[in-house]
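Colleague: give me a 3D structure for the following:
(one chain, ligands or ions: 1)
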Amino acid sequence: MPTIEAPPGAAVVVRGLRKTYGGRDVVDGLDLQATEGAVTAVLGPNGAGKTTTVECCEGLRSPDGGEVRVLGLDPVDDAHRLRARVGVMLQDGGLPTGVRALEMLRHVATMYAAPRDVGELADRLGLTSFARTTVRRLSGGQRQRLALATAVVGRPAVVFLDEPSAGMDPQSRHAVWDLVRELRSEGVAVVLTTHLMDEAEDLADVVHVVDHGRVIASGTVPELLTAGSGTAAPTIRLDARPGLDTATLRAHLERTRHDGGWHVEESAPGEYVVTGATGPSALAAVTDWLAGEGVLARRVTTGRRTLEDVFLDLTGRHLR
Ligand SMILES: Nc1ncnc2c1ncn2[C@@H]1O[C@H](COP(=O)(O)OP(=O)(O)OP(=O)(O)O)[C@@H](O)[C@H]1O
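Modeller: Presented below is the predicted three-dimensional model:
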């Protein structure tokens, strides 16, 4: 098998990964990389192949093609060497159900040479309030917090977090985000899959967007926000009656602003998004056009594109 060269600082390297189920390539030649001291977010619609990819990196599934290296090692063949250096938080927690929460964390900590301080970790993730409760009886968010604690207690060099804050209350989510930032500053390579665009926007140094088993866009958040439109200009959004003629609004903008590159879309019934070289005069042109059409908008706002806008542009609005 050919061996891939890992660039300096690359903790996880995936090249041409392929995974097939029932003759269907659910991962179809996927490339990505995660570096030390950085948060790498893997985003994608349901069924895009994120978990399959991450599980190949964790050694839980064997690739059908391509290569995966974690800390320079093969996650399946070198699983025993990687165990102490890789932390994994699975979507379903993956914890034994009959054990008490804190006992479980203490036990996991004993398996590592230099574990984190269990008391401190339990405090910061709020585990002490349910320390004596068995895993079976924990709420979804409590179980998630315990799973995160067990993933990081051994001071791993690489951590895989699969939707770490899903189902958590806002307080817990902030505690998780603080911990992720601290891991990054300690030099840990954090690989994060999430459906929360604000989480990715806030935490990620690099984002990979996966669809149909491939990476369709990669970059820092600012790079992704300006890609496509080529501009960081704000978006104008308006709520008004459905079915306005977006083509004439675009033509009006082109006529009054004497430039092109305008895009006007009714993203949902009665919700319009205007992108282009927006600014004060473009906003005036939009309201001028509305007045000419005899339309009173319910709301007009301006703001920059969000990662969610980029994600929907890249992957479409249809359900998976
Ligand atoms: N063991 C399996 N057998 C058959 N099909 C599978 C298996 N595991 C995953 N799949 C299929 O592979 C595709 C990718 O699944 P995967 O869990 O990797 O997606 P995902 O991007 O993590 O989705 P989600 O956002 O919903 O978690 C899905 O269509 C899924 O049904």
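Colleague: please see if stretch 199-206 touches the ligand.
Modeller: No - Stretch 199-206 does not reach the ligand (CB under 6 Å from any ligand atom); its nearest approach is 13.2 Å. From N, CA and C alone the C-beta is placed, and that goes for glycine too.
Colleague: what mean pLDDT does that stretch get?
Modeller: Regarding stretch 199-206, the rounded mean pLDDT is 96.
Colleague: tell me the first helix or strand C-terminal of the helix or strand where Ala200 lies.
Modeller: In this structure, Ala200 is located in helix 197-203 according to DSSP states H and E. Using DSSP H and E, the helix or strand that follows helix 197-203 in sequence is strand 206-211.
Colleague: buried residues in the next helix or strand after that following strand?
Modeller: Sequence order places strand 214-219 as the next helix or strand after strand 206-211, per DSSP H and E. For strand 214-219, burial by neighbour count (16 or more other CB atoms under 10 Å) applies to 214-215, 217-218.
Colleague: ok, stretch 65-80 next?
Modeller: Residues of stretch 65-80 classed as buried: 66-71, 73-75 (neighbour count, 16+ other CB under 10 Å).
Colleague: same question, stretch 243-257
Modeller: For stretch 243-257, a neighbour-count test (16+ other CB under 10 Å) marks 244, 249-250, 252-253, 257 as buried.
Colleague: filter those residues down to just the ones in helices.
Modeller: Secondary structure defined by DSSP state H assigns 249-250, 252-253, 257 of those to helices.
Colleague: only C-alpha atoms, please: export the lowest-mean-pLDDT helix or strand in the chain in CSV.
Modeller: The weakest-scoring helix or strand in the chain, judged by mean pLDDT, DSSP states H and E, is helix 307-315 (a mean of 87). Output of helix 307-315 as CSV, limited to C-alpha atoms (Å, rounded to 0.1, in the frame of the first residue of the first chain):
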residue,chain,number,x,y,z
LEU,A,307,-21.7,30.2,7.3
GLU,A,308,-25.2,28.8,7.1
ASP,A,309,-25.8,30.9,3.9
VAL,A,310,-22.6,29.5,2.4
PHE,A,311,-23.5,25.9,3.5
LEU,A,312,-27.0,26.2,1.8
ASP,A,313,-25.5,27.7,-1.3
LEU,A,314,-23.0,24.8,-1.5
THR,A,315,-25.3,22.0,-0.6
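Colleague: just want the angle from it to strand 206-211.
Modeller: Angle, helix 307-315 to strand 206-211, by axes from the mean of the first three to the mean of the last three CA atoms, to 10 degrees: 40 degrees.
Colleague: quick one, helix 307-315 and strand 214-219 angle?
Modeller: Comparing the axes of helix 307-315 and strand 214-219 via the same axes, to 10 degrees yields an angle of 140 degrees.
Colleague: list the buried ones in helix 307-315?
Modeller: Of the residues in helix 307-315, 307, 309-311, 313-315 count as buried by neighbour count, 16+ other CB under 10 Å.
Colleague: and for the longest helix anywhere in the chain, what's in contact with it?
Modeller: Counting residues, the longest helix found in the chain (DSSP H) is helix 170-185. Residues outside helix 170-185 that contact it (CB atoms under 8 Å, 6 or more residues apart in numbering): 37-39, 124-126, 141, 144-145, 148, 152, 159, 161, 164-165, 168, 190, 192, 199, 202-203, 205.
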